[in-house]
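Student: Structure of the sequence below:
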Amino acid sequence: MSENCIDWIMEDAKSNKEPNDLVNWGYLGSDLTEFILSHLPIRSIVRAAAVCKLWHSIIATASFSTRVSAAKKPWFFLYGQNNIFLKNNQAFAFDPEGDEWIKLPTTMFPWPSSQEESFIGSGGFFFITTSSTSARFSYAPILKGTWRETSPLRFSRCNPLVGVYNDGSGSSRFIVVGGVRFIGGLVDIEDRLAVEIYSPNSDSWELCPPLPADFRPGNSSQWLSSALFKGKFYVFEICSCIVSSFDLTKHFWSEVQTLRPPGLLFSFLVSCQDQLVLAGLCNGPGEPSLKLWNIAEKTMEFSEIAIMPQELLYSLFDSDGDDKFASLKCVGLGNLVYVFNEEQHRNYPACVCEISNASGKCNWRRVPDLPVPANRFHKVISFCSTVSLDNILRGEDGELGLEQDIQ
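Tutor: Down below sits the predicted model:
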């Protein structure tokens with residue numbers, strides 16, 4: 001699977017090389033060369049590894065990969081599922097530093113065989129859950145393609161919320177919240193709102209206090225958004241605007257509160273570095289507008305930080321129907337918040353807001369169009385995640401996946 005990653009990211013690399021006979025990059029020294037390479041977008045770094053032995057040796061080091069991966073902005077992923085023709089499934093990733101979409105091979109993603117299976121992305125991993133008697137749960141590092149099936153969940157579920165966090169010892173843990181359960185093809189109305197935490201080191205699940213009963217009317221990712229922030233996993237109901245947080249150390253849920261700024265129709269909660277951000281559509285004196293609010297962690301009070309330019313908001317739609325905004329979605333991570341239309345008729349257009357760490361100023365822009373026309377999907381899964389350069393470059397045996405490409 002590592003070779004597949006290299007194939008798509010190295011596309012047209014050889015044809016794009018420029019003559020460099022007049023430049024001796026060796027004169028720069030390895031330290032300066034490493035500094036320059038580290039500022040390239042990830043796709044360009046992978047291509048650069050095939051240029052010469054010096055660049056290859058720098059990029060191949062684990063220290064370079066770790067440092068670069070930590071500094072890069074999260075990518076925005078779109079994965080479309082067609083329930084009738086599986087060959088029409090497509091996956092794309094947007095690199096904000098390269099300002100480009102990358103079409104991903106669907107071989108990286110399993111094809112759901114029924115409505116009881118769901119695909120999720122979070123915290124550098126892809127996940128699959130199965131709502132059946134087997135209660136299967138599988139995960140793979142993003143862009144690595146090596147899937148591992150865990151021991152069965154205590155309670156099976158479809159479309160849960162999933163978060164990835166560090167347990168303090170340097171190990172990752174997965175929290176799985178809510179989701180619907182199917183029995184004989186029908187939704188289980190007696191669902192327990194289960195919360196479970198998985199430890200990859202011991203391959204074991206820990207059953208935790210369930211999601212508060214207030215979330216029972218819509219306890220799947222279709223109706224909920226989540227944010228991992230300062231040791232807490234926040235769950236937010238998109239339409240009713242109720243919110244509660246789960247303490248990942250002490251394992252208890254906070255009191256359920258309502259987080260609804262004036263005029264809010266629906267909204268999404270995202271974690272943006274040092275702040276919680278609420279992104280939502282509001283009614284106003286004129287046309288509806290999309291706003292961003294900073295949420296105070298302790299009091300859950302909100303303060304407006306940005307309004308999306310109307311021309312950008314309306315560029316995401318090509319109809320004047322009253323329900324056109326129903327397909328509007330928001331995801332975010334790092335200092336980026338993406339706003340996009342998950343309807344196919346406009347090829348899934350998107351905009352992004354970059355929040356400055358220093359000044360708090362918000363810069364809005366349109367995301368480039370997808371590289372190829374997208375197919376019609378029955379379901380679109382979207383998320384933001386960090387990307388590991390090491391996952392792209394290295395195979396299961398630890399060897400650099402580009403070795404044979406530069407011989």
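
Student: ok, what's across the strand from the closest residue to Lys361 other than its chain neighbours?
Tutor: The shortest distance from Lys361 to any non-neighbouring residue, by Cβ to Cβ, 6 or more residues apart in numbering, is to Ile355 (7.6 Å). Glycine gets a C-beta too; all of them are placed from N, C-alpha and C. Note on Ile355: beta-bridge partners Cys362, judged by DSSP bridges.

Student: pretty sure Ile355 contacts Val270?
Tutor: No: Ile355 lies out of contact with Val270 (Cβ atoms under 8 Å); the separation is 10.5 Å.

Student: Between the two, which is the more surrounded one?
Tutor: Val270 (27 against 23; other Cβ atoms under 10 Å).

Student: show me the contacts for that one.
Tutor: Shown in contact with Val270 (Cβ atoms under 8 Å, 6 or more residues apart in numbering): Ser225, Ala227, Leu276, Val277, Leu278, Ala279, Cys330, Val331, Gly332, Leu333, Val337.

Student: I'd guess it is in a strand, am I close?
Tutor: Yes: under DSSP: H, G, I helix; E, B strand; the rest coil, Val270 falls within a strand.

Student: Remind me which helix or strand Phe76 belongs to.
Tutor: strand 75-81 (DSSP states H and E).

Student: How about residues contacting that strand?
Tutor: 88-96, 109, 112, 119, 121, 331, 336, 338, 340, 348, 350, 352, 367, 370, 374-375, 377-387.

Student: next one: stretch 242-253
Tutor: For stretch 242-253, contacts defined as Cβ under 8 Å, 6+ apart pick out 165, 168, 175, 177, 195, 208-209, 211-212, 214-215, 231-237, 254-259, 269, 300.

Student: Let me see the ranges of the strands in the stretch 101-250 of the chain.
Tutor: With strands called from DSSP state E, counting those that start in this stretch, the stretch 101-250 of the chain shows them at 117-122, 125-130, 137-141, 148-149, 161-166, 172-177, 182-183, 186-187, 195-199, 204-208, 224-229, 232-237, 242-247.

Student: List the neighbouring strands of the second one plus their orientation.
Tutor: Taking DSSP bridges as the criterion, strand 125-130 pairs within the sheet with strand 117-122 (antiparallel), strand 137-141 (antiparallel).

Student: Could you check how far Ala227 is from Gly163?
Tutor: 9 Å (Cβ to Cβ, to the nearest Å).

Student: now swap in Gly170 and tell me
Tutor: Gly170 is 17 Å from Gly163, by Cβ to Cβ.

Student: Name the residue in these two with the higher neighbour count.
Tutor: A count of neighbours by other Cβ under 10 Å puts Gly163 above the other of Gly170 and Gly163, at 22 against 6.

Student: doesn't Val235 make contact with that one?
Tutor: No: if you go by Cβ under 8 Å, Gly163 and Val235 don't touch, sitting 9.7 Å apart.

Student: that older thread, weed out the non-buried ones from the contacts of strand 75-81.
Tutor: 88-96, 109, 112, 119, 121, 331, 336, 338, 340, 348, 350, 352, 367, 370, 374, 377, 379-387 (16 or more other Cβ atoms under 10 Å).

Student: Spell out which residues are contacts of both of Ala227 and Gly163.
Tutor: Common contacts of Ala227 and Gly163 (Cβ under 8 Å, 6+ apart): Phe233.

Student: For the host helix or strand of Glu311, give me every contacting residue.
Tutor: Using DSSP H and E, Glu311 sits within helix 310-314. By Cβ under 8 Å, 6+ apart, the surrounding residues in contact with helix 310-314 are Glu287, Ser289, Leu290, Val339, Cys351, Trp364, Arg365, Arg366.

Student: nearest to Gly29, of those?
Tutor: Nearest to Gly29 among the contacts of helix 310-314, counting by Cβ to Cβ, is Arg365 at 36.1 Å.

Student: Please name the nearest non-neighbouring residue to that closest one.
Tutor: In space, Arg365 is closest to Val352, 6.2 Å off (Cβ to Cβ, 6+ apart).

Student: Which pLDDT value belongs to that neighbour?
Tutor: Looking at Val352, its pLDDT reads 96.

Student: what's it sitting at in phi/psi?
Tutor: phi -130, psi 140 (degrees, to the nearest 10).

Student: What of Asp31?
Tutor: The phi/psi pair for Asp31 (degrees, to the nearest 10) is phi -70, psi -50.

Student: Quick check, pLDDT for it.
Tutor: Asp31 is given a pLDDT of 84.

Student: ok, it to Phe64 distance?
Tutor: Distance, Asp31 to Phe64, using Cβ to Cβ: 12 Å.

Student: now could you export just the CA positions of the helix or strand containing Leu265 as PDB?
Tutor: For Leu265, the enclosing helix or strand under DSSP H and E is strand 264-272. Extracted C-alpha coordinates of strand 264-272, given in PDB (Å, rounded to 0.1, in the frame of the first residue of the first chain):
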ATOM      1  CA  LEU A 264     -28.600  30.800  15.000                       C
ATOM      2  CA  LEU A 265     -30.200  28.100  12.700                       C
ATOM      3  CA  PHE A 266     -27.600  25.400  12.900                       C
ATOM      4  CA  SER A 267     -23.900  25.200  13.700                       C
ATOM      5  CA  PHE A 268     -20.800  23.000  14.200                       C
ATOM      6  CA  LEU A 269     -18.300  23.000  17.000                       C
ATOM      7  CA  VAL A 270     -14.600  22.700  16.000                       C
ATOM      8  CA  SER A 271     -11.300  22.900  17.900                       C
ATOM      9  CA  CYS A 272      -8.900  25.500  16.500                       C
END
